[in-house]
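>>> my questions are about this predicted structure, shown below with the sequence.
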Amino acid sequence: MELLLTQLQENPLNWFLSGFLVYVVYSYFTPPPYTLPIAKHPETTIFREYSPKQLREYDGRTPQTKIYMGVCGQVYDVTKGRNFYGPEGPYGNFAGRDASRGLAKNSFDTDVLTPIDQPLDTLEDLTSEEEESLRDWHNHFSAKYEYVGKLVNEP
């Protein structure tokens with residue numbers, strides 16, 4: 001012990017090295033003051049085909065329910081736009097449905113929606129202005145929302 005004290009008195013570098021050794025030992029046995037959050041993988045959506053009846057399940061009726069919407073035979077996940085497409089939103093009647101005719105006609109009326117127990121709307125009677133409007137809406141959805149499936153008739 002006496003030798004250690006003599007070494008510390010003779011060379012100031014030994015004070016620094018002793019302090020560094022104490023810091024390393026302390027750091028090794030003391031947990032960090034913070035913990036990093038564990039990264040979670042985002043929920044995976046499997047691309048699939050949806051009939052009108054299957055699509056109806058994704059109407060956002062609860063906060064946990066996703067909101068899917070059909071446009072031009074494609075199904076988009078519009079859940080991040082819940083304020084617009086949720087049950088209380090201005091486009092809420094399109095949630096879980098094929099919204100193509102309503103979007104083409106710029107109408108929110110429920111009578112423009114094809115009943116879910118009937119074949120998909122062929123949209124053959126749309127005017128050129130309505131077809132252009134539908135193309136614009138389709139471009140909007142394809143640019144903003146995730147494409148999650150195809151809309152098909154019941155097998």
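Right, received. Where do you want to start?

>>> which stretches of this protein form strands?
With DSSP state E as the criterion, the chain has strands at 48-50, 68-71, 74-77, 146-151.

>>> could you check how far the first one is from the centre of its chain?
It stands for strand 48-50. In terms of C-alpha atoms, centre = their mean, to the nearest Å, the centre of strand 48-50 is found 18 Å from the chain centre.

>>> show me the contact partners of that strand.
The contact list for strand 48-50 (C-beta atoms under 8 Å, 6 or more residues apart in numbering) reads 68, 70, 75, 148-152. All C-beta atoms are positioned from the backbone trio N, CA, C, and that covers glycine.

>>> how long is stretch 122-135 end to end?
15 Å (C-alpha to C-alpha, to the nearest Å).

>>> can you pull the contacts of the residue nearest the centre of the chain?
For the chain, the residue nearest the mean C-alpha position is Lys80 (6.2 Å; C-alpha atoms, centre = their mean). For Lys80, the contact set (C-beta under 8 Å, 6+ apart) comprises Tyr145.

>>> against Pro32, how distant is it?
35 Å (C-beta to C-beta, to the nearest Å).

>>> next: Asp121.
Asp121 is 60 Å from Pro32, by C-beta to C-beta.

>>> now Phe94
Noted for Phe94: a distance of 50 Å to Pro32, by C-beta to C-beta.

>>> run a quick neighbour tally on Glu130.
17 (other C-beta atoms under 10 Å).

>>> right, and it touches Ala104 too?
Yes - assessed by C-beta atoms under 8 Å, Glu130 is found in contact with Ala104 at 4.2 Å.

>>> isn't Gly89 up against Met69?
No - counting by C-beta under 8 Å, Gly89 does not reach Met69; the two are 11.3 Å apart.

>>> more neighbours, these two?
Applying other C-beta under 10 Å to Gly89 and Met69 shows that Met69 carries more neighbours, namely 28 against 17.

>>> contacting residues around that one?
75-76, 78, 85, 94-97, 99, 141.

>>> which of those fall within helices?
For the contacts of Met69, the ones inside helices are 85, 141, with DSSP state H as the criterion.

>>> any low-confidence regions in this structure?
1, 3-5, 7-8 (pLDDT under 70).

>>> try it again at 50.
The model of the chain has no residue with pLDDT under 50.

>>> ok, back up a step: so between Asp121 and Pro32, which is more surrounded?
Neighbour totals were compared for Asp121 and Pro32, and Asp121 leads with 18 against 7 (other C-beta under 10 Å).

>>> sounds good, over and out.
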